[in-house]
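**Q** no sequence on this one, just coordinates:
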Ligand code: PLP
């Protein structure tokens with residue numbers, strides 16, 4: 001009798017099932033309702049920054065016949081990224097080590113394709129961003145989860161060490177962390193670098209860090225960000241401009257590695273052929289032409305900080321337990337009911353949309369996004385209070 005193996009689509013569907021159940025369910029049912037205060041995902045709820053739109057308009061005007069010709073990673077865009085990373089890390093970053101991609105999403109897909117051979121293991125820390133598992137499956141890798149303790153989400157080196165096997169090829173590190181808003185400290189990064197240096201020796205090949213850092217420009221209270229690339233040479237950095245510009249539909253980001261990484265020629269060649277093999281997966285000409293203008297721009301961090309005070313401060317006053325993000329758009333809030341999806345349904349009835357923690361492997365919690373408008377925050381706060389009262393009235397809160 002033939003043994004049937006799940007199709008590739010079935011495997012991908014299984015990896016992404018929790019996300020789809022939310023987005024095809026409560027999210028699509030409520031998203032368009034003008035009375036709903038939407039804290040579910042990091043989408044803009046206000047018109048884009050005028051300076052951003054102006055930069056795109058300027059770059060839309062062709063300056064030569066090749067302006068809209070086929071584009072790969074454009075030298076000017078690579079130069080902009082290398083300049084930015086040299087400033088961040090103090091290294092002399094090589095533009096040739098920058099692969100421009102369609103956002104951080106594609107940069108991650110590319111990193112996994114470059115590093116993973118069938119059966120190789122990829123560790124990520126849970127709660128994670130929704131799509132790591134799916135992208136690892138798509139690259140024929142095997143996902144290995146290492147649990148964070150909530151809500152602190154500190155790096156636990158013993159747990160990571162226990163998850164490493166001879167097939168481990170990479171560890172995904174997402175700092176600043178979605179969904180907790182935490183920034184991983186230099187001491188934690190040093191510890192991880194030591195651990196993976198030893199694991200690379202034991203395995204006879206590098207165990208890479210894939211550093212997913214799209215929120216590194218969204219820093220509150222003067223906090224600093226350090227990339228794992230500063231501490232560990234075999235780090236593949238993935239970045240998206242979608243967060244700093246709060247324009248996630250305009251797909252531009254990159255995959256890159258520091259000048260002291262092993263075997264850079266091979267990484268460049270492998271990344272390039274995979275980008276072709278993934279279907280000319282380079283970002284479009286317009287976004288690359290505009291990149292020098294876009295690089296210094298950032299959403300209004302002071303406005304996000306004020307919203308954090310009002311929204312998370314308000315929730316805490318009501319009696320909710322919520323993380324105070326040092327970065328990112330997100331806070332994790334403890335659900336007053338053990339069943340976070342049940343509590344989220346109560347919030348939905350009060351016209352509030354949040355992301356149930358179960359969707360991001362954080363059962364008993366829910367995630368809120370600071371990208372909601374101020375007006376949504378004002379409408380949402382009394383609704384959060386009413387939902388809390390309702391949960392308490394059940395006797396289970
Ligand atoms: N990584 C993390 C942690 C994210 O939160 C996101 C987006 O939400 C991404 C990667 C992908 O970013 P983009 O959609 O801008 O490519």
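**A** Okay, I see it. Please read these numbers as outputs of a predicted model, since none were measured by experiment.
**Q** contacts made by the helix or strand residue 198 falls within with the rest, please.
**A** For residue 198, the enclosing helix or strand under DSSP states H and E is helix 186-203. Taking C-beta atoms under 8 Å, 6 or more residues apart in numbering as the criterion, the residues outside helix 186-203 that touch it are 154-155, 157, 160-161, 164, 166, 168, 171, 173, 206-209, 226, 228, 230-232, 234. No exception for glycine: its C-beta is placed from N, CA and C like everyone else's.
**Q** buried ones among the residues you listed?
**A** 155, 160, 164, 168, 171, 173, 206-209, 226, 228, 230-232, 234 (16 or more other C-beta atoms under 10 Å).
**Q** for the ligand, give me its nearest residue in the stretch 1-150 of the chain.
**A** Of all residues in the stretch 1-150 of the chain, residue 103 sits closest to the ligand, with a separation of 2.8 Å (C-beta to the nearest ligand atom).
**Q** tell me how far that residue lies from residue 341.
**A** Taken as C-beta to C-beta, to the nearest Å, the spacing of residue 103 relative to residue 341 amounts to 29 Å.
**Q** those two: who's more crowded?
**A** Counted by other C-beta atoms under 10 Å, residue 103 and residue 341 do not tie: residue 103 has more neighbours, with 24 against 18.
**Q** so that one sits against residue 254, correct?
**A** No - with contact defined as C-beta atoms under 8 Å, residue 103 and residue 254 do not form a contacting pair (9.3 Å).
**Q** ok, back up a step: filter the buried ones among the contacts of helix 186-203 down to the ones in helices?
**A** Taking DSSP state H as the definition of helices, those contribute residue 160.
**Q** ok, of the buried ones among the contacts of helix 186-203, which one's closest to the ligand?
**A** Nearest to the ligand, judged by C-beta to the nearest ligand atom, of these is residue 173 at 10.4 Å.
**Q** list the contacts of the closest one.
**A** Contact criterion C-beta under 8 Å, 6+ apart gives 125, 184, 192, 209-212, 228 as the residues in contact with residue 173.
**Q** which residues of this protein lie near the ligand?
**A** Along the chain, the residues adjacent to the ligand under the rule C-beta under 6 Å from any ligand atom are 42, 103-105, 129, 174, 178, 212, 214, 240, 242, 248, 253.
**Q** neighbour-wise, which one of those leads?
**A** Counting neighbours by other C-beta under 10 Å, residue 212 leads the residues of the chain next to the ligand with 28 neighbours.
**Q** quick check: closest non-adjacent residue to that one.
**A** When the adjacent residues along the chain are set aside, residue 212 lies closest to residue 174, with 4.4 Å between them (C-beta to C-beta, 6 or more residues apart in numbering).
**Q** ditto for residue 168
**A** Once chain neighbours are set aside, the closest to residue 168 by C-beta to C-beta, 6+ apart is residue 121, at 4.9 Å.
**Q** so what's the one you found bridging to?
**A** Note on residue 121: beta-bridge partners by DSSP bridges are residue 142, residue 168.
**Q** ok, now which ones touch it?
**A** Residues touching residue 121, when contacts are defined by C-beta under 8 Å, 6+ apart, comprise 141-144, 165, 167-169.
**Q** mind checking how far residue 144 is from residue 77?
**A** The gap separating residue 144 from residue 77 is 34 Å, by C-beta to C-beta.
**Q** who has more neighbours out of these two?
**A** The residue with more neighbours, out of residue 144 and residue 77 and counting by other C-beta under 10 Å, is residue 77; that gives 26 against 18.
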